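Engineer: have a look; sequence and predicted model below, questions after that.
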Amino acid sequence: MRLVLFILATLFVAMVLALAAMENPGYVLIARAPWSVEMPLTLFVPLLLVGFFVAYGAFYGVMRLTRIPRDVARWRARRQTRRARAALAQGFIKLAEGDFAAAESELLASLRHGDAPLLNYLAAAYCAQEQGSIEKRDEYLASAQRSAPQQALAVGMMQARLQQFANQNEQALATLTQLKQSEPRHRYLLKLLVQAFQELRDWTGIVELVPELRSQGALPHVEIDALELRAHKELLQLTLPSGSHNILAQAWTAVPKALRQHPVLLAIYARQLIHQNEMREAESVLRAALDRAWDSELAALYGHVHSEHPSEQLAQAEAWLAAHADDAGLQLTCGRLALRANDPPKARDYFEKSIALNGPAEAYRELGGLLERLGERDKAITTYRRGLEQSASERNGPRRGIGIGARYRIVR
């Protein structure tokens, strides 16, 4: 409809102009001595238009002829770019399919005329590593750095990840540490640092990194808490030679105050104190912890403390029995302390109660040793055998309710 209206309008305008030209055709005179040209205006205007278009066409043709080499070069460049992009896409497809040799070939083929060489080099580095060529991987990464120096973070992160995949944990840690100097708040970088520290069992590094993990939210709070607990646990469990109480004290001081109340860390710290023969401090730490919050493992550990006053220790343990008489570990502790206080009958009674409560295999070993000292060898042998069964049961899984304690009492 619009086309029809346009044609009608054009015809109407042409008709009006034609009628006007017929009534008054006008007159044009061009004089240049010794010549002169005169013609109607209605003829001059069409000739002028035709001349303009002829001149423009000639000028355009000449310009196009002079631009042919440049246009051909542009066409070839566009064609090469299209081919490079197609090869890049095919390279990533082959990479996803796991054909790393073909992927590397496609990526390198598209490299010369590609407009994103960084992607080619990074993907080629991954392909080289998957084929076991670490040297080629490093060459590609170096080329990626040279091709896009402003993308140092991306190249460094890829390098660190590939080094971790190749179990080059020391190199990965060095790479990440260098990157952290320029990007100290990068969340994923902090996460990779945690992985590197864990692989290298660098628990001190993790402890130093925890505040940054919390401030940047690099990991969920629950994971950070578990990581911090494990790091301090591993540091406290380090083997220390005798006479290293100062080192142990420094490690314990480094533990945050909130974690010093954790039963797991308290148990490790107390064991180390016992190993260092710091019995007074170990007894004080365990007693304070148990008075504050009850824990069966700490109660059992209290029996390993050899203080100068075992009778006072026994009295303290027996005071706890009023509220925790069903705790097998506490019964075992009372038995051990009774032995040190030179009260074998009471020790025997506590050991038997611990066994009756389905206590640990250590209770059988302690009772067996006591029976052997008392000259009851047959009963001692039977107790040792039951202890071996209990030990095997503890290694194989949760203990069953009916137990060895009940069977022992029948034998006795």
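Structural biologist: Good, I have the coordinates.

Engineer: so who does the nearest residue to R336 once chain neighbours are set aside touch?
Structural biologist: Spatial nearest neighbour of R336, chain neighbours left out: G303 (3.9 Å); criterion: Cβ to Cβ, 6 or more residues apart in numbering. Quick note: C-beta positions are derived from backbone N, CA and C, even for glycine. The contact partners of G303, taken as Cβ atoms under 8 Å, 6 or more residues apart in numbering, are 317, 332-337.

Engineer: adding neighbour count and secondary structure, write these out as CSV.
Structural biologist: Formatted as CSV, the contacts of G303 follow (neighbours: other Cβ atoms under 10 Å; DSSP: H, G, I helix; E, B strand; the rest coil):
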residue, neighbour count, secondary structure
A317, 24, helix
L332, 25, helix
T333, 29, helix
C334, 29, helix
G335, 31, helix
R336, 26, helix
L337, 27, helix
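
Engineer: out of these, flag the one nearest to A101.
Structural biologist: Among these, L332 lies closest to A101 (Cβ to Cβ), at 63.9 Å.

Engineer: ok, that closest one to I268 distance?
Structural biologist: Relative to I268, L332 is positioned 20 Å away (Cβ to Cβ, to the nearest Å).

Engineer: on that earlier part again, state the distance from the residue nearest to R336 to S147.
Structural biologist: Between G303 and S147 the computed distance is 67 Å (Cβ to Cβ).

Engineer: again with I30
Structural biologist: Counting by Cβ to Cβ - I30 and S147 are separated by 66 Å.

Engineer: helices or strands up against the helix or strand where Q129 lies?
Structural biologist: If you go by DSSP states H and E, Q129 is part of helix 117-130. Helix 117-130 sits against helix 68-97, helix 100-109, helix 134-147, helix 152-165, with contacts defined as 3 or more Cβ pairs under 8 Å, 6 or more residues apart in numbering; DSSP states H and E.

Engineer: please repeat the previous calculation with a cut-off of 6 Å.
Structural biologist: helix 100-109, helix 134-147 (3 or more Cβ pairs under 6 Å, 6 or more residues apart in numbering; DSSP states H and E).

Engineer: can you put these in JSON lines and add distance to Q198?
Structural biologist: Shown next, in JSON lines, are the helices and strands packed on helix 117-130 (distance: least, Cβ to Cβ, whole Å):
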{"stretch": "helix 100-109", "distance to Q198": "28"}
{"stretch": "helix 134-147", "distance to Q198": "23"}
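
Engineer: for my notes, please list those helices in a markdown table and give mean neighbour count, mean pLDDT and distance to L173 for each entry.
Structural biologist: Formatted as a markdown table, these follow (neighbours: other Cβ atoms under 10 Å; pLDDT from 0 to 100; distance: least, Cβ to Cβ, whole Å):
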| stretch | mean neighbour count | mean pLDDT | distance to L173 |
| --- | --- | --- | --- |
| helix 100-109 | 20 | 92 | 26 |
| helix 134-147 | 18 | 94 | 17 |
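
Engineer: pull the contacting residues for the residue nearest the centre of the chain.
Structural biologist: The chain has K191 as the residue nearest its centroid, 4.1 Å off, counting by Cα atoms, centre = their mean. Residues in contact with K191, defined by Cβ atoms under 6 Å, 6 or more residues apart in numbering, are A218.

Engineer: let's see the pLDDT reported for it.
Structural biologist: Reading off the confidence values, K191 has pLDDT 95.

Engineer: ok, now D71?
Structural biologist: At D71, pLDDT is 73.
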